[in-house]
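> got a sequence here, can you build the structure:
(chains A and B)
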Amino acid sequence: MSKEITSRVVDYSQWYNDLIIKGGLADYSAVRGCMVIKPYGYAIWENMRDQLDKMFKETGHENAYFPLFVPKSLFEAEEKNAEGFAKECAIVTHYRLKADPENKGKLIVDPEAKLEEELVVRPTSEAIIWNTYKGWIQSYRDLPLLINQWANVVRWEMRTRLFLRTAEFLWQEGHTAHATKQEAVAETVQMLEVYATFAETFMAMPVIKGVKSANERFAGAEDTYCIEALMQDGKALQAGTSHFLGQNFAKAFDVKFTDKENKVDYVWATSWGVSTRLIGALVMAHSDDQGLILPPKLAPIQVVIVPIFKGEEQKQLIDEKVIIFQQQLKAAGVKVKYDDNDNNRPGWKFAEYEMKGVPVRIAIGVRDIANNVVEVARRDTKEKMSMSIDGLAENVISLLNDIQEAIYIKAKFFRDAHITNADNWEDFIQLLDVKTGFIAAHWDGTTATEDKIKELTKATIRCIPLNNAAEEGACILTGNLSSQRVLFARAY
RNA sequence: CGGGACGUAGCGCAGCCCGGUAGCGCACUAGGCUGGGGGUCUAGGGGUCGCAAGUUCGAAUCUUGUCGUCCCGACCA
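Model prediction:
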């Protein structure tokens, strides 16, 4: 039919795009590299945002908002950060258009309206925020400063992909200031834990917590912690990062404080973020060839009710039953939709809600009413069962919990089955091509070796897992001494 | 920025080689029969063929230019 989805084995990329477009999450836009997030996709983002926001506030953070534009002189203050982002910045140079004298009805940039200083459209907000913090922090009494902002940022990527990498994207960025290094490191780790908990509990997506190698570190950070997830095609996806920034930004923006002993020192910083990329991760983590599979905890619609009827009389009978358990479900906090639209027939609706990944579907017709039951179908396994109308709400809620857990277990089983040890170069190369996934291998700890491996295989070090077991070994490439295995993978 | 593909109705496409006044499927509108896995019949509406020049009596079709999108790479969250 018109909404066929390309199968994963035929073309994984096309499958992913089909899910996004045909599932109604997003559309391409008139702007290169930028997408329109449609209501259904945005609803997922709202659910993610609301949950994360709650978790940020529970850990003591407050929201604020900083400007979209960063004066170039501020942007370049922290050298490494500026250098890291320089080649993907959009820059505002003028502030006015005027009528084109040679082309009626058209506009041109007014050359007279050139800005004294160019404005960088933020690719990240450290610069503007630290410039602001300078005025907010004088004493240890002003610390810690725990602020988050929900915003859009722009990174002029050469090649974009829906949700995974767009030129403009939505995210949150936390920026904190602390009196001591220990406290800042603790904050960095705490936020990584928040991200990991969110990914596993709400997205039902298992992640590996780790630290980035110097190569993959955020520009301007001392250490970058990350959560890494594995997609169904065996490629890794960085799902969130939490950076320990040391005193780099405090020094660049001259942010000092006086401690209890009246000594002056630079403050310690962290920043951490997750973006709409998480929606891409969510899609790829669970979905199948019939469409999206969304975890109940983030699904915009958790339960859809489809009436099966012939004529108004039957419809009314069904309505009477539905209204009762629909109310019970709503009262229990379940997001339920009763699709009694008469334009589409039941079969069409079944296919449509499967495409959209609604976790539970309830079908009810007069036949069911006679038996005091409904047909309940779960999206993840496509299993159908008959359930009594009595006590339906409790059973459906318990089913939603089962689904949440089942898709997590399935994803975790897949992920765990795709972490493989490699002890020599031949195995390493073969695993990358044949089995894919994470490869745990020894590495001599040098950037040169990491670069060489990337050049030869396109695999990068995704992370050095936290609480990694110490193990003596020989580097997969150079044979030099290594004290632990690190995780390699090809990544998005 | 390199390589490839493509711009024709809301969406997906055919027509182009060989120039002659635009078509198919889905969607849409009205009505009927239907209704437990993407139904069906009848009757309709909708297009400056991406844009701009050129060749020609005549251009969706040929030529040149231009803009844009997607896919694959290098870069990146």
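> endpoints of stretch A:326-340, how far apart?
13 Å (CA to CA, to the nearest Å).
> that stretch vs RNA strand B: in contact?
No. In terms of CB under 7 Å from any atom of the strand, no part of stretch A:326-340 sits within range of RNA strand B; the closest distance is 9.4 Å. Using the backbone N, CA and C atoms, a C-beta is placed for each residue, glycine as well.
> so how far is that stretch off the chain centroid?
The chain centroid and the centroid of stretch A:326-340 are separated by 28 Å under CA atoms, centre = their mean, to the nearest Å.
> next one: stretch A:120-138
On CA atoms, centre = their mean, the centre of stretch A:120-138 falls 24 Å from the chain's centre.
> list the buried residues for that stretch?
A:120-133, A:137 (16 or more other CB atoms under 10 Å).
> just stretch A:329-342 next, same as before
Counting neighbours by 16+ other CB under 10 Å, stretch A:329-342 gives A:329, A:334-336, A:338-339 as buried.
> for the residues you listed, which two are the farthest from each other?
The most widely separated members of these are A:Val334 and A:Asp339, with 15.2 Å between them, by CB to CB.
> could I get the buried residue list for the helix or strand hosting A:Ile44?
Element membership for A:Ile44 (DSSP states H and E) is helix A:39-58. For helix A:39-58, a neighbour-count test (16+ other CB under 10 Å) marks A:40-45, A:47-49, A:51-52, A:55-56 as buried.
> what's that helix in contact with?
For helix A:39-58, contacts defined as CB atoms under 8 Å, 6 or more residues apart in numbering pick out A:20, A:23-26, A:37, A:63, A:148, A:150, A:170, A:172, A:174, A:194, A:197-198, A:202-203, A:274, A:276, A:278-279, A:282, A:294, A:297-300, A:356.
> that older thread, of the buried residues of stretch A:120-138, closest to RNA strand B?
Of all the buried residues of stretch A:120-138, the one with the least separation from RNA strand B (CB to the nearest atom of the strand) is A:Pro123, at 7.9 Å.
> show the backbone phi and psi for the closest one.
The phi and psi values for A:Pro123, taken as degrees, to the nearest 10, are phi -90, psi -20.
> what's the burial count for the residue nearest to A:Asn424 when sequence neighbours are not counted?
Of all residues not flanking A:Asn424 in the chain, A:Ile476 sits nearest, at 7.0 Å (CB to CB, 6 or more residues apart in numbering). Counted by other CB atoms under 10 Å, the residues lying close to A:Ile476 total 24.
> my read: A:Ile476 touches A:Trp443, true?
Yes. If you go by CB atoms under 8 Å, A:Ile476 and A:Trp443 touch, sitting 6.6 Å apart.
> need the overlap of contacts for those two.
Joint contacts of A:Ile476 and A:Trp443 (CB under 8 Å, 6+ apart) are A:Ile453.
> what distance do you get for the residue nearest to A:Asn424 to RNA strand B?
19 Å (CB to the nearest atom of the strand, to the nearest Å).
> got a list of what that residue touches?
Here A:Ile476 is in contact with A:422-425, A:428, A:441-443, A:453 (CB under 8 Å, 6+ apart).
> restricted to strands, list the residues you listed.
Using DSSP state E, the members of the contacts of A:Ile476 that fall in strands are A:441-442.
> dump the contacts of A:Ile476 to TSV, plus distance to RNA strand B, neighbour count and pLDDT.
Converted to TSV, the contacts of A:Ile476 look like this (distance: CB to the nearest atom of the strand, whole Å; neighbours: other CB atoms under 10 Å; pLDDT from 0 to 100):
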residue	distance to RNA strand B	neighbour count	pLDDT
A:Ala422	20	20	95
A:Asp423	25	14	95
A:Asn424	23	12	93
A:Trp425	19	17	93
A:Phe428	17	21	93
A:Ala441	20	26	96
A:His442	23	24	96
A:Trp443	18	24	95
A:Ile453	12	22	92
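> nearest to A:Lys212, of the contacts of A:Ile476?
A:Trp443 (13.0 Å).
> I figured the closest one was touching A:Glu450, is that so?
Yes. Counting by CB under 8 Å, A:Trp443 does reach A:Glu450; the two are 7.0 Å apart.
> run through chain A and note the low-pLDDT ranges.
Applying pLDDT under 70 to chain A flags residues A:1-3, A:103-106.
> export the contacts of A:Ile476 to CSV and tack on distance to A:Val70?
Output for the contacts of A:Ile476, formatted as CSV (distance: CB to CB, whole Å):
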residue, distance to A:Val70
A:Ala422, 43
A:Asp423, 47
A:Asn424, 48
A:Trp425, 44
A:Phe428, 42
A:Ala441, 40
A:His442, 42
A:Trp443, 36
A:Ile453, 35
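> mind picking the two most distant members of the contacts of A:Ile476?
Pairwise distances across the contacts of A:Ile476 peak at 14.9 Å for A:Asp423 and A:Ile453 (criterion: CB to CB).
> domain-wise, how is chain A divided?
Taking automatic domain parsing as the reference, chain A has its domains at A:12-69+A:127-286, A:303-397, A:418-489.
> which of the ones you listed sits most buried?
Highest mean neighbour count among those (mean count of other CB atoms under 10 Å): domain A:12-69+A:127-286, with a mean of 19.
> that one spans what distance, first to last residue?
One end of domain A:12-69+A:127-286 sits 13 Å from the other (CA to CA).
> what's the closest non-adjacent residue to A:Thr381?
A:Ala406 (7.3 Å).
> okay, now that neighbour: neighbour count?
A:Ala406: 16 neighbours (other CB under 10 Å).
> secondary structure element for it?
helix A:392-417.
> how about A:Tyr16, phi and psi?
According to degrees, to the nearest 10, A:Tyr16 has phi -60, psi -50.
> what do you get for A:Gly437?
Main-chain torsions, A:Gly437, degrees, to the nearest 10: phi 90, psi -170.
> hang on, the earlier thing: of the buried residues of stretch A:120-138, which pair is most distant in space?
A:Val121 and A:Ile137 (26.4 Å).
> which helices and strands sit right next to the helix or strand harbouring A:Ile464?
A:Ile464 is located in strand A:460-465, with elements delineated by DSSP H and E. The contact analysis (3 or more CB pairs under 8 Å, 6 or more residues apart in numbering; DSSP states H and E) places strand A:460-465 against strand A:208-211, strand A:223-230, helix A:447-457, strand A:485-489.
> strands paired with the last one, and their directions?
Note on strand A:485-489: by DSSP bridges, its sheet partners are strand A:438-442 (antiparallel), strand A:460-465 (antiparallel).
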